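>>> Sharing a model prediction with you, sequence too.
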Amino acid sequence: MSLLHQSHLHGERLLIDPWAHGTGIMRAVLARFNWTASDLDITHVGSIIAIIGAAPAGWRLLRSAWHETYGWIRQFFLASVTVPGGDPVNKNCVKWLASNRPRHHRAFTGRTEIGRGDATDRAASLKKTRRAVQYAPHWDSRWFWFNGRLFVATRDNFSSSAMSDPAYDGVGGEELTISCFGWSIEPVQTFIEVAREWADRQTQYFVIIYGRDRYGMSWQPKTRKPIRLLDTVHFDDSVKQELLDDVRNYLDPRTQRRYQSRSMPYRRGYLFYGPPGTGKSSLSTALAGEFGLDLYEVKVPSIASDSDLEQMFQEIPPQCIVLLEDIDAVWIERTSRSHSPDRRSERSSGSDRDHSRSNCTLSGLLNVLDGVGSQEGRIVIMTTNKPELLDPALVRPGRVDMKVFLGNITPASAEQMFVRMFSPDELARSDNAKSGPQRGVVVDMDEVRSLARDFAKAIPDNSFTPSQLQGFFQLYLDSAHAAAEGIASWVEKEVARQVEGGFEFLENGIVKRL
Ligand SMILES: Nc1ncnc2c1ncn2[C@@H]1O[C@H](COP(=O)(O)OP(=O)(O)OP(=O)(O)O)[C@@H](O)[C@H]1O
């Protein structure tokens, strides 16, 4: 089709032209750069459009040329180490890279941070809709300098299924390859060591608790708890000291050499037993913090089968604490149980298995604890509220080397707990964390000690669990005097409640019992 042109008084102008609209826009754009309309003719427009049209093809060509070249560079000039996704080293390196990222990094993954809320509004943070969003840098390859060398880290970010995994946290979920120029992988190994040490320093004030993911397929870091000091778990001081000495001695490298030279399996097992709420889990976490170990938590009633248990243990690293909670739930196969008639009658009832009972068997458990395939070097802590149900084979020396009873609180422990709750340092620390004026009434240490002595006198020995007493303190956190005054009536009420027993509930403002 021929183009129609018409001359006007103001010179030659395009009137009816398929390009007219486009050129109008272009003219407007060019005018901003002080170009006149006469500078633009149809051949210029055509060239510009052709260039724009060819740009993506050119870009693709350049990219594939770069990939080809990069492949050659990797093959002939780079030394590399690949770390599988989910491995702790992978997380360490990715975290190091994230914290040393360029200031203007622009790609992030965002995910709802379950378990942590909006720090500025505590009440709102408990609502589902106000959960904070966590942003982690998103990248598939990063060039960086380390120790004067050029490194590149690549991960299979976008194609991997990691992103669709609900447990994906944006850190360490994908296979990671770290490379540097040269023939030796030594610089990469040095980088990995530095990243590991850096990550250890970041977590030295926390205990990392690992749990199975929701499909029971792999271990995932479940929570990161601030280290709980052993002083905050109250029980018999001499037993606590004995336990500490035993763990310290076991972890000493000389002990390991001694075990090995005498062909003894390098393993240590502990049983923490006692009523609910006496600190069995708290003590396990405190021990992990004290010795800088990660804690792998296994809830025995929820184990699906012996093979699942075996798989779990195979994936647990050597230096850590394995916490087997509610070990009495394990399925006993033995036909003769001298001191557990209840269990025998349950066993004879065949299919009606107790729901709190695990699907893993005693022999499955014994196998992972000290069978041929069991790893050495880890600490196993078992907890139970019902030690009388345990099979003697499970708790024999070699499997359980020390039994620690955690019982109801003694007046001496109650006194320690009071001092801890109201020490001036503790009050100042917790009030500083709050915004607004100081709420707690600070009394000096001598007064706290004297109030604690009076407080302890009101606590009958061996009557309340530490968690019950903790519940009492939660009512009086702001005043040591009020706590010391309120304890007598609280004890009276609690004792009456324990005598009456049953489940207490409120109906029309009246306390009733089931
Ligand atoms: N001995 C203790 N010293 C200090 N605090 C304790 C102690 N025992 C329990 N608590 C407090 O009570 C709560 C429950 O404790 P924990 O879960 O450790 O008890 P548990 O014995 O493991 O209970 P369960 O058998 O029901 O699992 C925690 O908040 C903990 O701080």
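Received it, and whenever you're ready, just let me know what you need. Numbering: from 1, shown residues only.

>>> Help me confirm that Gln189 comes into contact with Val81.
Yes - with contact defined as CB atoms under 8 Å, Gln189 reaches Val81; the gap is 7.0 Å. From N, CA and C alone the C-beta is placed, and that goes for glycine too.

>>> These two: which is more packed in?
Here Gln189 and Val81 are set side by side on neighbour count (other CB atoms under 10 Å), and the busier one is Val81, at 16 against 13.

>>> so who does that one touch?
177-179, 185, 188-189, 192 (CB atoms under 8 Å, 6 or more residues apart in numbering).

>>> Beta-bridge partners for it, please?
Going by DSSP bridges, Val81 is paired in beta bridges with Ile178.

>>> Widest-spaced pair of the contacts of Val81?
Based on CB to CB, the longest span within the contacts of Val81 runs between Thr177 and Gln189 and measures 13.9 Å.

>>> returning to that earlier point: now list the buried members of the contacts of Val81.
Neighbour counting over the contacts of Val81 (16 or more other CB atoms under 10 Å) leaves 177-179, 185, 188, 192 as the buried ones.

>>> filter the residues you listed down to the ones near the ligand?
When the buried ones among the contacts of Val81 are filtered against the ligand using CB under 6 Å from any ligand atom, no residues are retained.

>>> With distance to Ser99 and pLDDT as extra columns, can I get those residues in TSV?
Rendered in TSV, the data for these read as follows (distance: CB to CB, whole Å; pLDDT from 0 to 100):
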residue	distance to Ser99	pLDDT
Thr177	20	91
Ile178	16	93
Ser179	20	93
Ile185	23	91
Val188	19	95
Ile192	15	95
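
>>> CSV for those, including distance to Arg60?
Converted to CSV, the buried ones among the contacts of Val81 look like this (distance: CB to CB, whole Å):
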residue, distance to Arg60
Thr177, 24
Ile178, 28
Ser179, 25
Ile185, 33
Val188, 32
Ile192, 35
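
>>> Just the element for Lys222, please.
Using DSSP states H and E, the element containing Lys222 is strand 219-226.

>>> That strand - contacts with which helices or strands?
Contact partners of strand 219-226 among helices and strands, from 3 or more CB pairs under 8 Å, 6 or more residues apart in numbering; DSSP states H and E: strand 206-212.

>>> switch to 10 Å and redo it
Contact analysis of strand 219-226 by 3 or more CB pairs under 10 Å, 6 or more residues apart in numbering; DSSP states H and E lists helix 88-99, strand 206-212, helix 280-290, strand 294-299 as its packing neighbours.

>>> tell me the average confidence for the second one?
Just to be clear, that refers to strand 206-212. In this model, strand 206-212 has a mean pLDDT of 90.

>>> and for Gln189 and Val81, which residues touch both?
Here Gln189 and Val81 share the contacting residues Ile178, scored by CB atoms under 10 Å, 6 or more residues apart in numbering.

>>> where are the low-confidence patches of the chain?
Residue ranges of the chain with pLDDT under 70: 1-41, 113-131, 157-173, 331-357, 371-375, 426-442, 501-506, 509-514.

>>> I figured Met217 was touching Ala304, is that so?
No - shown here, Met217 and Ala304 do not form a contact pair, counting by CB atoms under 10 Å, at 11.2 Å.

>>> near the ligand, which residues of the chain show up?
With CB under 6 Å from any ligand atom as the criterion, the chain meets the ligand at residues 232-235, 276-282, 385, 406, 466-467, 470.

>>> Taking those residues, please make a PyMOL selection of just the buried ones.
Remark: buried members of these, expressed as a PyMOL selection using 16+ other CB under 10 Å:
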select buried, resi 233+234+235+277+278+279+280+281+282+406+466+470
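
>>> now, which of the residues of the chain next to the ligand lie within helices?
When the residues of the chain next to the ligand are checked against helices (DSSP state H), the matches are 280-282, 466-467, 470.

>>> For Leu369, give its distance to Phe144.
The spacing between Leu369 and Phe144, counted by CB to CB, to the nearest Å, is 44 Å.

>>> How about Val152?
Distance from Val152 to Phe144, counting by CB to CB: 8 Å.

>>> which residues do these two both contact?
With the criterion set as CB under 10 Å, 6+ apart, the overlap between the contacts of Val152 and Phe144 is 178, 180.

>>> Okay then, goodbye and thanks.
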